[in-house]
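Sequence and predicted structure, then a few things I'm wondering about:
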Amino acid sequence: MPAIASEFLAIDRKARARIPSLDVATRPVSDRVCDFDDVVIPMDAEQAMLEAARCVHCPDPAPCVEACPAHNDIPSAMWLIEQGEFLEAARIYRQTSSLPEICGRVCPQEQLCQGSCTHQKSQHAVLTGPLEAFVTCYERRVVGVEIPKGEPTGRKVAIVGAGPSGIACAEQLIQRGHTVTIFDSKPAPGGLLTYGIPNFKLPKEVVFQRWGDFNRAGVEFVPETYIGKDKTLDDLFAEGYEAVFVGVGVGVDAPMEVPGEDLPGVMKATEFLIRCCLDDEQLLPRQLRGRPEIGSKLVVIGGGDTASDCLRTALRLGAKEVTCLYRRTEKEMPGGRHDRELAKEEGARYEYLTQPVRFIAGENGHLKALECIRMELGEPDKSGRRRPVPIEGTNFIVEADTAVLALGYWPDPVIGESTPGLETRNWGLIVTDSNTGATSRPGVFAGGDVVTGPDLVVTAMVAGRKAATAIDAYLKEKK
């Protein structure tokens, strides 16, 4: 055990609270904007032990555990990390999370576990996310990670979608002894983790290492198979699968529905991120290969995490002016504050209370500018946020070579339309029992964004685990 942590093992809670936070270390801006490598500098062992020693071990129920959708036993993990028991800490996380090395990187901890830390009232919260990532990556590096396989049951389950909810469901079903096949429309597994989150935020190596665990456990992956078009859920049952889990997410970019939206130079966020952030062309859908020409001035429209990802991606592609246009104020932005701060550090600008109303073409027919209007906040809408209201006579022009629409996502209705008796809502979201993921069709379960609408990686993961428990019970009852 490094000596630096031993002196903190027996200190009282007040002394722990006075230990200074390390804060998340990042590479210099001048370096990181030149590549797509991870911007975070990982902790070393001594730093991890020192940071974990700041935990004051609140009485049960600890606020951080309550705020974590997976209910990770964070205080126990902090105690083990503090003592240098990194492998034991990693096992704590893997008891409740199927993707701890990923959630430790991409969860908005400032809104969840870290944001509920009692240190928030006096100083910096304990860095729960980086510590989760540290110990689970330490585990992989030192002893490796294996998914335990249960005694074979002879039952076959099909999973539609290789994203966070599908992966989590598969992990739990394997441990119960069922045979699992995952179908996905993309060439590579991972869903959003591979095709929606840039490498500088979530290195693809981390995703593919985790996927390697599933390969070794015997999960079959069937790529480039669009369920609902290439084959239906009923086809899967006809092939011998006794239960199906649907975790396809919401992959249809929301339109803006203003004049000029179809101009060359106006792109949807999904296409932009796929074309810009995946270096291995074998991973890309055939029609999306090659990075786009974005010019020197790029605007991103939207305020979520995807908008931040697009801004930071554009800076790495060499755009000189990168601006986010958002129709409310920063206070109402749905995306994580940490990602916005990183985008600002790297050179992105934010224009609040601004709404594009028209895309304008140049002489060559390509996007040249956007006509925008200033907004003010009115009364709260159904979401509880104050509704943006246009201010008449405030129209102005923003020059841009490229505009990226990061306005959120809609569900793909194809599975609902191709599956008789499957109840859906809101243009294709699947209706389920919130505790089990069971749908209106016997044997069909669903979870993640295709049920809730756009949400977090961790909530999709939790939904997949819950559904696996219900699927296992369904198969036993059926038997």
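All right, it came through fine. Numbering: from 1, shown residues only.

Wait, Phe134 touches Met49, no?
No: the pair Phe134 / Met49 is not scored as a contact, 10.1 Å apart, by CB atoms under 8 Å. C-beta coordinates here come from the backbone N, C-alpha and C atoms, glycine included.

Quick check on Val56: phi, psi?
Val56 has phi and psi values of phi -90, psi 0 when expressed as degrees, to the nearest 10.

before we move on, what about Arg141?
When read as degrees, to the nearest 10, the backbone of Arg141 gives phi -70, psi -40.

Could you tell me how many residues sit around it?
9 (other CB atoms under 10 Å).

if we can go back for a sec, okay, and the common contacts of Phe134 and Met49?
Here Phe134 and Met49 have Ile81 as joint contacts, going by CB atoms under 8 Å, 6 or more residues apart in numbering.

Tabulate the CA atom coordinates of the helix or strand that contains Val300 in PDB.
Val300 is part of strand 297-301 when elements are defined by DSSP states H and E. As requested, the backbone C-alpha atoms of strand 297-301 are provided in PDB (Å, rounded to 0.1, in the frame of the first residue of the first chain):
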ATOM      1  CA  LYS A 297     -17.500  28.400 -39.400                       C
ATOM      2  CA  LEU A 298     -19.700  25.800 -37.800                       C
ATOM      3  CA  VAL A 299     -22.800  26.100 -35.600                       C
ATOM      4  CA  VAL A 300     -24.400  23.500 -33.500                       C
ATOM      5  CA  ILE A 301     -28.100  23.900 -32.600                       C
END
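
So what are the sheet partners of it and their directions?
If you go by DSSP bridges, strand 297-301 pairs up with strand 321-325 (parallel), strand 402-405 (parallel).

Show me which of those strands has the highest average neighbour count.
Comparing these by mean neighbour count (mean count of other CB atoms under 10 Å), strand 402-405 comes out on top with a mean of 27.

With only the CA atoms kept, save that one in PDB.
Extracted as PDB, the C-alpha positions of strand 402-405 are listed here (Å, rounded to 0.1, in the frame of the first residue of the first chain):
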ATOM      1  CA  THR A 402     -21.900  23.900 -41.700                       C
ATOM      2  CA  ALA A 403     -24.800  23.600 -39.300                       C
ATOM      3  CA  VAL A 404     -25.300  20.500 -37.100                       C
ATOM      4  CA  LEU A 405     -28.800  19.800 -35.700                       C
END
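
Averaged pLDDT, the next helix or strand after it. What do you get?
Beyond strand 402-405 on the C-terminal side, the first helix or strand identified by DSSP H and E is strand 409-410. For strand 409-410, mean pLDDT is 94.

How far does the next helix or strand after strand 409-410 sit from its chain's centre?
Scanning forward in sequence from strand 409-410 by DSSP H and E, the next helix or strand is helix 414-418. Computed by CA atoms, centre = their mean, to the nearest Å, the chain-centroid distance of helix 414-418 equals 25 Å.

Check stretch 293-306 too.
19 Å.

Rounded mean pLDDT for it, please.
On average, stretch 293-306 scores 96.

ok, now stretch 30-48?
On average, stretch 30-48 scores 95.

Next SSE downstream of the helix or strand Ala15 falls within?
Using DSSP H and E, Ala15 sits in helix 13-17. Remark: after helix 13-17, the chain's next helix or strand is helix 29-32, criterion DSSP H and E.

Report the contact partners of Met256.
Here Met256 is in contact with 301, 356, 405, 407 (CB under 8 Å, 6+ apart).

State the distance from it to Leu370.
Per CB to CB, to the nearest Å, Met256 is found 11 Å from Leu370.

Thanks a lot, see you next time.
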